[in-house]
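>>> I would like to see how this sequence folds:
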Amino acid sequence: MDDAGFDFELLAELTEERGVPGYEDRIRELVRREFADSVDRVRTDAMGNVVGTIESRADTEDGDYSVVVAAHMDEIGFMVRHVRGDDDGGYGFLELDPLGGWDARVLKAQRVTVHTDDGDLPGVIGSPPPHTLDEEEREKTPDVEDVYVDLGLPADEARDRVSPGDLVTMDQTTERVGETVTGKALDDRICLFAMLEAARRIEAPDVTIHFAATVQEEVGLRGARALGVDVDPDLAIALDVTVANDVPEFDEGEYVTALGDGTAIKLKDSSVITNPKVHRRLRDVAEAEEIDHQFEVLPAGGTDTAGFQHTHGAKPVGALSIPTRYLHTVTETAHVDDVAATIDLLEAFLESEDGGFDYTL
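Take a look at the predicted model:
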């Protein structure tokens, strides 16, 4: 623990590690390690989702009731599609295919790590000096397809060490900045962290709780959709970051959430309208426990919440979000108090869930 009020070292380890969609293996091992002492059993499915289950301690029929809590492991990144360059004394450059939604404007002049079978290589995303560009080039909106990685290696050595299909992630540390934490992959490792912390606190629930670290959310909620069939919960709660546009470019009425105002109880996004009875109970628990909270109405973007509405029949779903500035960049930023509030509300909600609440509409 540190002055953030939670285990910052674990959060940094989770956010700094690599895990693009479909290749979440390094994060998967961290999740298994953290589950070892906090859940009754751990399993991994064919998609790569990791599920840590705490069995109900209730000696009643409500013990058959199950809740799944989901946070995704994957981060946006790239896959190498081509190694280009002249073998006759020239240097090699990597052309990339995006894994997840990137804004190309934030990619220029960034450091990256290329993950090969023989180990990790440092690289940089090239950016030509502005005084070498004409007016049309300076005003052009960049495309992700125009991004290339410079390894600083001759072309023949680059081809020997890098192959199509190798993965590329952004190279960034996680730091405390004032009252916030900033770094890459807070989407969604900061919520994965919150889930792991809540699992550590839960001791004797009245219902069975499945804590699910899901895969491939950034490319279509694929892990959650598969998991919904496999686990078949009675209630699903998803955790993800959400837009905090409380910055000078936006008026207050345009804010989705604001840093420091507490955990965000999701009402809707473009993929889901949460169950009113679920989000009202989240609100009631937050008020009863005096946990700071706000409400999220996200005009665009989707989360694993929707994945549980597309599988194995209709399920009541709810969601908690951690307000985060600068999403899908290497400087994603969240307030430490909002992280703590998310953990507190998730714990209080799960501890008070007894299978007797009626979420039918």
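>>> pretty sure residue 324 belongs to a strand, no?
Yes - assignment of residue 324 by DSSP: H, G, I helix; E, B strand; the rest coil places it within a strand.
>>> Once you drop chain neighbours, what's closest to it?
The shortest distance from residue 324 to any non-neighbouring residue, by CB to CB, 6 or more residues apart in numbering, is to residue 241 (4.0 Å). Bear in mind the C-beta positions are built from the backbone N, C-alpha and C, glycine included.
>>> Measure how buried residue 110 is and give me the count.
19 (other CB atoms under 10 Å).
>>> Make residue 1 into 17 and carry on from there
Understood, numbering begins at 17; the last thing we discussed is residue 126.
>>> pLDDT score assigned to it?
You'll see residue 126 listed with a pLDDT of 92.
>>> My read is that it contacts residue 142, right?
No - the pair residue 126 / residue 142 is not scored as a contact, 10.0 Å apart, by CB atoms under 8 Å.
>>> what about the helices in this protein?
24-32, 41-51, 151-155, 171-177, 202-217, 238-247, 292-304, 320-323, 352-368 (DSSP state H).
>>> Please identify the buried residues of the fifth one?
Counting neighbours by 16 or more other CB atoms under 10 Å, one finds that the buried residues in helix 202-217 are 202-216.
>>> go on, the second one?
Under the neighbour-count criterion of 16+ other CB under 10 Å, helix 41-51 has 43-44, 46-47, 50-51 buried.
>>> Contact partners for the closest residue in space to residue 360 that isn't next to it in sequence?
Setting aside the residues directly before and after it, residue 360 is nearest to residue 307 in space (CB to CB, 6+ apart), at 5.1 Å. Residues near residue 307 by CB atoms under 8 Å, 6 or more residues apart in numbering: 278-279, 301, 357, 360-361, 364.
>>> What about the closest residue to residue 220 other than its chain neighbours, how many residues nearby?
Distance criterion CB to CB, 6+ apart; nearest residue to residue 220, sequence neighbours excluded, is residue 73 at 4.1 Å. When counting by other CB under 10 Å, one arrives at 12 neighbours for residue 73.
>>> Surely residue 73 is in contact with residue 218?
No - the pair residue 73 / residue 218 is not scored as a contact, 10.2 Å apart, by CB under 8 Å.
>>> Pop out the phi and psi values for residue 62.
Main-chain dihedrals, residue 62, degrees, to the nearest 10: phi -70, psi -20.
>>> Could you measure from it over to residue 239?
11 Å (CB to CB, to the nearest Å).
>>> Could I get the phi/psi values of the residue nearest to residue 360?
Per degrees, to the nearest 10, the backbone of residue 307 is at phi -100, psi 130.
>>> related to what we said a few turns ago, mean pLDDT lowest for which of the helices of the chain?
helix 151-155 (a mean of 67).
>>> How about the contacts made by residue 217?
359, 363 are the contacts of residue 217 under CB under 8 Å, 6+ apart.
>>> State the pair within the buried residues of helix 202-217 that is farthest apart.
203 and 216 (22.1 Å; CB to CB).
>>> which residue sits closest to residue 174, ignoring its sequence neighbours?
residue 108 (2.7 Å).
>>> Now for the one you found: which residues touch it?
Taking CB under 8 Å, 6+ apart, one finds 99-101, 167, 169-175, 178 in contact with residue 108.
>>> The residues you listed: which two are farthest apart?
100 and 173 (13.7 Å).
>>> Just read off the phi/psi values of residue 263.
Per degrees, to the nearest 10, the backbone of residue 263 is at phi -130, psi 170.
>>> surely it meets residue 340?
No - with contact defined as CB under 8 Å, residue 263 does not reach residue 340; the gap is 11.9 Å.
>>> Between the two, which has more neighbouring residues?
Remark: of residue 263 and residue 340, residue 340 carries more neighbours, 29 against 12, as counted by other CB under 10 Å.
>>> what's the burial count for residue 59?
12.
>>> From residue 48, how far out is it?
10 Å.
>>> cool, residue 234 as well?
Counting by CB to CB - residue 234 and residue 48 are separated by 21 Å.
>>> What about residue 23, how many residues nearby?
Using other CB under 10 Å: residue 23 sits among 17 other residues.
>>> Check the one 4 residues further on too.
Using other CB under 10 Å, residue 27 has 26 neighbouring residues.
>>> That one reaches residue 209, doesn't it?
Yes - using CB under 8 Å, residue 27 makes contact with residue 209 at a distance of 4.8 Å.
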